[in-house]
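Asks: Below are the sequence and a predicted model; questions follow.
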Amino acid sequence: MYNTQLPTDGSNAPTSNALGGDALDQPAERHGNERIRLLLKSFGLRTSLIRLKVIDALLVAAEHDRSLGVRGVHTQLLELDIPLSFLSVREVLKRLCSEGVIVLNPDKSYSLHPKAAAVLHQA
């Protein structure tokens, strides 16, 4: 199949990645998905994009001394151009809560469970 992103000058190696920049110029991910993957695995959960993004949003909020509820997490993801439904975010938060990865605080915000935080700090 013809790849429109490959040059037509006879060379077959693309000069940049699909995002338009050199791979070495890309900034490292904020918390490193690998750490979050290890966290999920340690709790017996499969990795999914939505779980990675939800946990990352909670970590970013905690770094800035903010707390996020369902609506806050959903808004945070929409601002990052991650088009997830409110219901999907709510269900992921509920599942992560039931598995002990995060906790629902009295003010209806979510935060990382102390055991999960310990796993992340070890990674």
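Replies: Thanks, I have it. Residues are numbered from 1 along each chain as shown.
Asks: from here on, contacts and neighbour counts on C-alpha atoms
Replies: Fine.
Asks: Tell me who's in contact with the residue most central in space within the chain.
Replies: Centre of the chain computed as the mean C-alpha position; nearest residue by CA atoms, centre = their mean is K53, 2.2 Å away. By CA atoms under 8 Å, 6 or more residues apart in numbering, the residues touching K53 are L77.
Asks: where in this structure is pLDDT low?
Replies: The chain contains residues with pLDDT under 70 at 1-32, 123.
Asks: ranges for the strands of it?
Replies: Taking DSSP state E as the test, the strands found in the chain are 102-104, 110-112.
Asks: Of these, which is nearest R66?
Replies: R66 sits nearest to strand 110-112 of all the strands of the chain, at 9.9 Å, using CA to CA.
Asks: Which neighbouring elements make contact with the closest one?
Replies: When contacts are defined as 3 or more CA pairs under 8 Å, 6 or more residues apart in numbering; DSSP states H and E, strand 110-112 sits against helix 49-63, strand 102-104.
Asks: and with 10 Å instead?
Replies: Packing partners of strand 110-112 (3 or more CA pairs under 10 Å, 6 or more residues apart in numbering; DSSP states H and E): helix 49-63, helix 70-79, helix 86-98, strand 102-104, helix 114-122.
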